[in-house]
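In: Okay, structure incoming, though there's no sequence with it:
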């Protein structure tokens, strides 16, 4: 069985990054939102510089930094910064079809993920009888994202990447336009390689 570390070391070896074996891996995640409504996520992360929108300063990792993507999630971010319910905004028949592009290669193409999924990353405030109950934790419903797990794709150092996405009604096949007060965000979660100062200094 090939582990996450084996995949990372194999790609590093092909790229000639011999120091990667001296580094430590930990859980890592990157996220960004399509604030331009362009159908692309991560490609404009350098313009955002806002932790409410992205945790990136660029859509490529530095030397000796990589992410093995194990889970991919999409979510809806409202204009006030809150994550909101995907199904309420786009309907229970909504499907996101996306491509993951690393460098000039589409490593995932026309991959569908549907409007409900598990496990859940972000929470959403429920609306009970027309009244939003923001202070009661038991009314928080974490059903705002679409989710895909087991991707097992490595984003290597110094290679730009981004996600192309489209939203469709899976019953009619009709495209669904982005909401006027919401944007789609993407969250890549997995094993991230970071510099190990114990062996590098």
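Out: Here it is on my side, so go on. This one's a predicted model, so the numbers in the text were calculated from it and none came from an experiment.

In: What is the burial count for the residue nearest to residue 58 when sequence neighbours are not counted?
Out: Of all residues not flanking residue 58 in the chain, residue 46 sits nearest, at 4.9 Å (CB to CB, 6 or more residues apart in numbering). (Glycine included, C-beta is placed from N, CA and C.) Neighbourhood size, residue 46 [other CB atoms under 10 Å]: 13.

In: Same check on residue 49?
Out: 10.

In: if I pick the residue lying closest to residue 38 once chain neighbours are set aside, what's in contact with it?
Out: The shortest distance from residue 38 to any non-neighbouring residue, by CB to CB, 6+ apart, is to residue 44 (7.5 Å). If a contact means CB atoms under 8 Å, 6 or more residues apart in numbering, then residue 44 has 32, 35, 36, 38 as its contacts.

In: Are any of the residues you listed buried, and if so which?
Out: 32, 35 (16 or more other CB atoms under 10 Å).

In: Quick check: which ranges of this protein have low pLDDT?
Out: 1-25, 115-151, 194-201 (pLDDT under 70).

In: residue boundaries of the helices in the protein?
Out: 4-15, 45-48, 86-90, 197-200 (DSSP state H).

In: partners of residue 71 in the sheet?
Out: residue 149, residue 189 (DSSP bridges).

In: That one and residue 83, how far apart?
Out: Distance of residue 71 to residue 83, computed by CB to CB, to the nearest Å: 16 Å.

In: So residue 179 sits against residue 89, correct?
Out: Yes - counting by CB atoms under 8 Å, residue 179 touches residue 89, with 5.6 Å between them.

In: Do I have it right that residue 171 meets residue 93?
Out: Yes - with contacts counted by CB under 8 Å, residue 171 reaches residue 93, the gap being 4.8 Å.

In: Strands along the chain, start to end?
Out: 24-33, 40-41, 66-78, 83-84, 94-102, 105-114, 127-128, 131-132, 145-155, 161-169, 182-194 (DSSP state E).

In: what's the second one packed up against?
Out: Going back to what we said before, that points to strand 40-41. Secondary-structure packing of strand 40-41 (3 or more CB pairs under 8 Å, 6 or more residues apart in numbering; DSSP states H and E): strand 161-169, strand 182-194.

In: right, so of those strands, which gets closest to residue 64?
Out: With CB to CB as the criterion, residue 64 lies closest to strand 182-194 of the helices and strands packed on strand 40-41, at 7.1 Å.

In: Which positions in the closest one come out as buried?
Out: 182, 183, 184, 185, 186, 187, 188, 189, 190, 191, 192, 193.

In: Check stretch 76-89 too.
Out: Buried-residue list, stretch 76-89, by 16+ other CB under 10 Å: 76, 77, 82, 83, 84, 85, 86, 87, 89.
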